[in-house]
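Engineer: Prediction below, plus the sequence it came from.
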Amino acid sequence: MHQQINLYQPVFRQQRKVFSARTLLQILVAVTVLLLGAYAHARWTLAALHHTATSIEQQYQQLEVQLANLEIINQSSAPGALENEIARLERSILDQQSILDSIGLLSIRSAAGFGDFFETLARQTQPGLWLTGIRLAQDGETELRGTTLDPELVPDYLQRMPDWPRFRSLQQGSVHLVRHEAEKPEIEFVLRSKGLEEL
């Protein structure tokens, strides 16, 4: 009597284990490490918060002591002492305010146009004309020095300047042309505002 057995049926196949004991141990170790790390971080954060809370509590107690001391001083001080202290603080505030105003004016003056002025000068290029020196006074007075090969380029250069206060003061100021050596074509020019004294 013969009987055929099909060895390809799923019953006879060796089943693969999804997780071996080694894999499960590795997963357990990784989860343990993560949990320990989270626990350590939570303890560290809690300690920092506790330290901050303690510091704030100490500051609060110090402020209460200072307030109590101020009340005692206020009650025991002479009648005019508080008014004198207020007047002194007001004078100090006014002095500091005037310093701040002065600094504000300086920052406005320095920020209000030097960059734009130089940028505009850089755009006002003209072949045959070169700037060799610039003098800017705090009150808006301006002086430009340069060299040219053709003296007729200087008035044209002035006419092409924009209608800004510094450039207007140049257009209404003086123009000096000097040729130092007769055999050379270079001519030095100076454009100067009215109020700017000569160097």
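Structural biologist: Good, I have the coordinates.
Engineer: After the helix or strand bottoming out on mean pLDDT in the chain, heading C-terminal, what element do we hit next?
Structural biologist: Counting by mean pLDDT, DSSP states H and E, the weakest-scoring helix or strand in the chain turns out to be helix 81-111, with a mean of 70. Scanning forward in sequence from helix 81-111 by DSSP states H and E, the next helix or strand is helix 114-123.
Engineer: Show me what that next one is packed against.
Structural biologist: Applying 3 or more Cβ pairs under 8 Å, 6 or more residues apart in numbering; DSSP states H and E, one finds that helix 114-123 makes contact with strand 129-136. In this view, the C-beta of every residue, glycine as well, is placed from N, C-alpha and C.
Engineer: tell me the mean pLDDT for the strand it packs on?
Structural biologist: Confidence for strand 129-136, expressed as mean pLDDT, is 85.
Engineer: Domains in the protein, by residue range?
Structural biologist: Annotated domains of the chain cover 17-76, 80-109, 114-192 [automatic domain parsing].
Engineer: Would you point to the one among these that's packed deepest?
Structural biologist: Most buried of the domains of the chain, by mean neighbour count (mean count of other Cβ atoms under 10 Å): domain 114-192, with a mean of 14.
Engineer: Give me the distance from it to the chain's centre.
Structural biologist: Relative to its chain's centre, domain 114-192 lies at 34 Å (Cα atoms, centre = their mean, to the nearest Å).
Engineer: Relative to L153, how far out is A122?
Structural biologist: With distances taken as Cβ to Cβ, to the nearest Å, A122 is found 17 Å from L153.
Engineer: go on, L28?
Structural biologist: 88 Å.
Engineer: again, but for Q26
Structural biologist: In terms of Cβ to Cβ, Q26 sits 84 Å off from L153.
Engineer: likewise F189?
Structural biologist: Computed with Cβ to Cβ, the distance linking F189 and L153 is 9 Å.
Engineer: Could you do L24 as well?
Structural biologist: For L24, the distance to L153 - Cβ to Cβ - is 90 Å.
Engineer: do the same with D95
Structural biologist: 53 Å.
Engineer: now do G37
Structural biologist: For G37, the distance to L153 equals 76 Å [Cβ to Cβ].
Engineer: same check, this time on Q61
Structural biologist: Separation of Q61 from L153 (Cβ to Cβ): 78 Å.
Engineer: cool, and T125?
Structural biologist: Applying Cβ to Cβ to T125 and L153 gives a distance of 11 Å.
Engineer: and what of V175?
Structural biologist: 12 Å.
Engineer: ok so, going back, between the domains of the chain, which has the poorest mean confidence score?
Structural biologist: When I compare these, domain 80-109 is least confident, with a mean of 72.
Engineer: Just confirm S193 contacts R135, I think it does.
Structural biologist: No. Here S193 does not reach R135: they are 9.5 Å apart, not a contact under Cβ atoms under 8 Å.
Engineer: shared neighbours of those two, anything?
Structural biologist: Listed as contacting both S193 and R135 by Cβ atoms under 8 Å, 6 or more residues apart in numbering are T142, E143.
Engineer: Which residue ranges of this protein form strands?
Structural biologist: Ranges of strands in the chain, per DSSP state E, are 129-136, 142-148, 174-178, 187-192.
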